[in-house]
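**Student:** below are the sequence and a predicted model for it; my questions follow.
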Amino acid sequence: MTRVDCRLGCGACCIAPSITSPLPGMPKGKPAGVRCLHLDDRFACALFDDPRRPAVCSGFKPEPMVCGSNRDQALALIQRLELGCAP
C-alpha cells in the first residue's frame, strides 16, 4: 500500500469525520462535517504536538484511499467512509 504525507492546507480529517472522543473545548467530540475548533486558518491542527490531542486523531495515517489526490477528494472520500460506518 502506498503511504502519502499529510497535505499542508487540507484539514479534511478535521472536518469530514465525526469524532466521538472528547476534545479540549468540545467535550462531546464533534459531528461529521463540523470543523474542529482546533483547526486553524491554515487548515492545520493546533493540537498536533499537544498531549491533549485525541488518540483517534494522532492515530490517523493519511493514505490515498482516504485522502485522494487533493483536499476536495479527501473531504468527499472521508464523508463517504463516515456515511458507510453510520448505524
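**Tutor:** Great, that's in hand.
**Student:** any buried residues in the strand or helix carrying L77, and which?
**Tutor:** Taking DSSP states H and E as the criterion, L77 maps to helix 71-85. By neighbour count with 16 or more other C-beta atoms under 10 Å, helix 71-85 contains the buried residues 71, 74-75, 77-79. Any C-beta I mention is one placed from the backbone N, CA and C, and that applies to glycine too.
**Student:** for it, name the packing helices and strands.
**Tutor:** helix 64-67 (3 or more C-beta pairs under 8 Å, 6 or more residues apart in numbering; DSSP states H and E).
**Student:** now the helix it packs on: mean pLDDT?
**Tutor:** Throughout helix 64-67, pLDDT has a mean value of 90.
**Student:** so how far is that helix off the chain centroid?
**Tutor:** 12 Å (C-alpha atoms, centre = their mean, to the nearest Å).
**Student:** quick one: contacts for T20?
**Tutor:** 29, 56 (C-beta atoms under 8 Å, 6 or more residues apart in numbering).
**Student:** show me what the helix holding L77 is in contact with.
**Tutor:** 7, 9-13, 15-18, 32-33, 43, 65-68.
**Student:** geometric centre of the protein: which residue is closest?
**Tutor:** Residue closest to the average C-alpha location in the chain (C-alpha atoms, centre = their mean): C13, at 1.7 Å.
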